[in-house]
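A.B. asks: Fold the following and give me the result.
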Amino acid sequence: MEASFGSLAIVAAAGFAAPLVLGLVPRLRLPSVVLEIGLGIVIGPSVLGWAKADEPVTVMALIGLSFLLLIAGLEVDYDRLRGRLLEVTGLGFAVSVGIGLLAGLALDTVGIVHAPLLVAIMFSATGLGIVIAVLKDVGAVESPFGQLVIAGSSIAEVGTIVLLTLFFSGESTSLGVKLVLFGLFGLLCLAIVLAVSGIERSMRVTAALVRLQDTTAQIRVRGAFVLLAVFVVLADRFGLEAILGAFLAGAIIKLVDRDEAMTHPQFRQKLEVVGFGVFIPFFFVSSGVRYDAGALFASASTLARVPLFLVILLAVRGLPALLYRPLVGRREVGASALLQATSVGLFVVAGEIGQDMGLISAANAAALIAAGLLSVILFPLAALTILRRPESEPRPEAAPAVASPG
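C.D. replies: Residues are numbered from 1 along each chain as shown. Prediction:
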């Protein structure tokens, strides 16, 4: 049967149009992902019916999701995740999961959602890529406040992916078996790290990489794609979620690639060009194409769950930011709460997993994703407003403790 590429072209056009519209209308301060998902809904079966999630679109979307997680793994600064910073942000994530479980149990008790743990994991997530983009917008990435928020968001990104993999991988094996498989997968990852590190220390290999990296071979980009593909396949073979393999591929590249500034300063920029320029828009636009808008608007009760889920998301990820008070000022604590409560990517992924496993209804998945979209629209704007206000209090002297990874 011959594949049709009509939907692929329409989805690609939507991915092109979204950032172009934002560039032409700079006052429309929306993250591109929101408009991409929105355009996907418009061109999909829910509205115009111009595109559908057929096989070519699905394949591109899967590669896009893998690239998104690869780049997320690259964005985590593991050198800073230690000492006081790790303690505070790690405790904050644990508190988030606890609040999320309470919220999930409450929703289960009143008969709204019947998957408390899955809901808790979804509400405990943070969109790391969106958070970093907002911090770059205000030039706060390298500040103690920026480091704190990135660390908290990174732990949430890693933690929710691991929890989703352990408890909702789609396999029928027990948790004990999954833990064993997870441990074996971790040992295999360690072996690959050691092997890649050994290869990189070879002067002959290093010289070949430098010679080929900026030619048509683009050898480092090809190597990263091979590593991504291998880890996605290995995660699937071990009965784990492919998204964990994609994230770990980025983490391993980050850990073993230590001479970036000296020999290949453009490598990660090239990966972002490939990811954000080609594949990642397919994931978000196709998420909109698959989005069941009819389920969201089918009843007033489903629509009413959107603000409820949004408030829960803010509570689950926002309240733990109070733990940051000894490290940053009140203004930064408020901005941290809002930024950490910004999440949509894991809502999409976990929503699809929940529906495939029969744990979440289409209506609840639609409401949860709608709440995630609203968080991406509202919370970063509110955080930017707070951060751009004139200073009304002195910055705490304790803040440098964040910058020192002792």
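A.B. asks: Enumerate the helices of the stretch 301-406 of the chain by residue range, in sequence order.
C.D. replies: Counting by DSSP state H, counting those that start in this stretch, the stretch 301-406 of the chain has helices at residues 330-340, 345-356, 362-387, 400-403.
A.B. asks: Columns mean neighbour count, mean pLDDT and distance to Val221 on top of the ones you listed, output as CSV?
C.D. replies: The C-beta positions use only the backbone N, C-alpha and C, and glycine is treated the same way. Shown next, in CSV, are the helices of the stretch 301-406 of the chain (neighbours: other CB atoms under 10 Å; pLDDT from 0 to 100; distance: least, CB to CB, whole Å):
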stretch, mean neighbour count, mean pLDDT, distance to Val221
helix 330-340, 24, 89, 30
helix 345-356, 22, 83, 23
helix 362-387, 22, 86, 29
helix 400-403, 17, 42, 32
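A.B. asks: and of those helices, who's closest to Pro144?
C.D. replies: helix 400-403 (4.1 Å; CB to CB).
A.B. asks: which regions of the stretch 151-300 of the chain sit below the pLDDT cut-off?
C.D. replies: 169-178, 200, 239, 258-263 (pLDDT under 70).
A.B. asks: For Ile219, give its distance to Val210.
C.D. replies: Distance, Ile219 to Val210, by CB to CB, to the nearest Å: 9 Å.
A.B. asks: swap that for Arg220, please
C.D. replies: On the measure of CB to CB, Arg220 and Val210 end up 9 Å apart.
A.B. asks: Mutual contacts of these two, please.
C.D. replies: His264 (CB atoms under 8 Å, 6 or more residues apart in numbering).
A.B. asks: These two: who's more crowded?
C.D. replies: Taking neighbours as other CB atoms under 10 Å, Arg220 and Val210 compare with Arg220 leading, 23 against 15.
A.B. asks: Secondary structure class of that one, three-state.
C.D. replies: Taken by DSSP: H, G, I helix; E, B strand; the rest coil, the conformation at Arg220 corresponds to helix.
A.B. asks: these two touch, right, it and His264?
C.D. replies: Yes. Because the distance of 6.0 Å satisfies CB atoms under 8 Å, Arg220 is recorded as touching His264.
A.B. asks: Spell out which residues are contacts of both of the two.
C.D. replies: Both Arg220 and His264 are contacted by Leu209, Gln213, under the criterion CB under 8 Å, 6+ apart.
A.B. asks: so where do the helices sit in the stretch 1-150 of the chain?
C.D. replies: Using DSSP H, counting those that start in this stretch, helices in the stretch 1-150 of the chain cover 6-24, 32-43, 55-75, 83-109, 116-123, 128-137, 144-167.
A.B. asks: Mean neighbour count, the ones you listed: which tops it?
C.D. replies: helix 116-123 (a mean of 25; mean count of other CB atoms under 10 Å).
A.B. asks: relative orientation of it and helix 144-167 in degrees?
C.D. replies: If you take axes from the mean of the first three to the mean of the last three CA atoms, to 10 degrees, helix 116-123 sits at 150 degrees to helix 144-167.
A.B. asks: what helices or strands is helix 116-123 leaning on?
C.D. replies: Helices and strands touching helix 116-123, by 3 or more CB pairs under 8 Å, 6 or more residues apart in numbering; DSSP states H and E, are helix 83-109, helix 144-167, helix 300-318, helix 345-356.
A.B. asks: who wins for proximity to Asp54 among those?
C.D. replies: helix 345-356 (16.3 Å).
A.B. asks: wait, what's in contact with the residue nearest to the spatial centre of the chain?
C.D. replies: With distances taken as CA atoms, centre = their mean, the residue of the chain nearest its centroid is Gly127 (4.6 Å). Contacts for Gly127 (CB under 8 Å, 6+ apart) come out as Ser153, Thr342, Ser343, Val344, Gly345, Leu346, Val376.
A.B. asks: Let me see the backbone angles for the closest residue to the fifth one other than its chain neighbours.
C.D. replies: Nearest non-adjacent residue to Gly345, counting by CB to CB, 6 or more residues apart in numbering: Gly127, 5.5 Å away. Main-chain torsions, Gly127, degrees, to the nearest 10: phi -80, psi 90.
A.B. asks: Then Thr126?
C.D. replies: Torsion angles, degrees, to the nearest 10, at Thr126: phi -140, psi 140.
A.B. asks: Measure how buried it is and give me the count.
C.D. replies: Residues near Thr126, counting by other CB under 10 Å: 29.
A.B. asks: What separation is there between it and Gly345?
C.D. replies: Taking CB to CB, one finds Thr126 at 10 Å from Gly345.
A.B. asks: do the same with Ala335
C.D. replies: Taking CB to CB, one finds Ala335 at 21 Å from Gly345.
A.B. asks: which one in this protein is furthest away from the centre?
C.D. replies: Quick read of the chain (CA atoms, centre = their mean): farthest out is Arg204, 36.6 Å.
A.B. asks: Check which helices and strands the helix or strand that contains it sits against.
C.D. replies: Using DSSP states H and E, Arg204 falls within helix 203-212. Packed against helix 203-212 by the contact rule (3+ CB pairs under 8 Å, 6+ apart) you find helix 219-237, helix 260-263.
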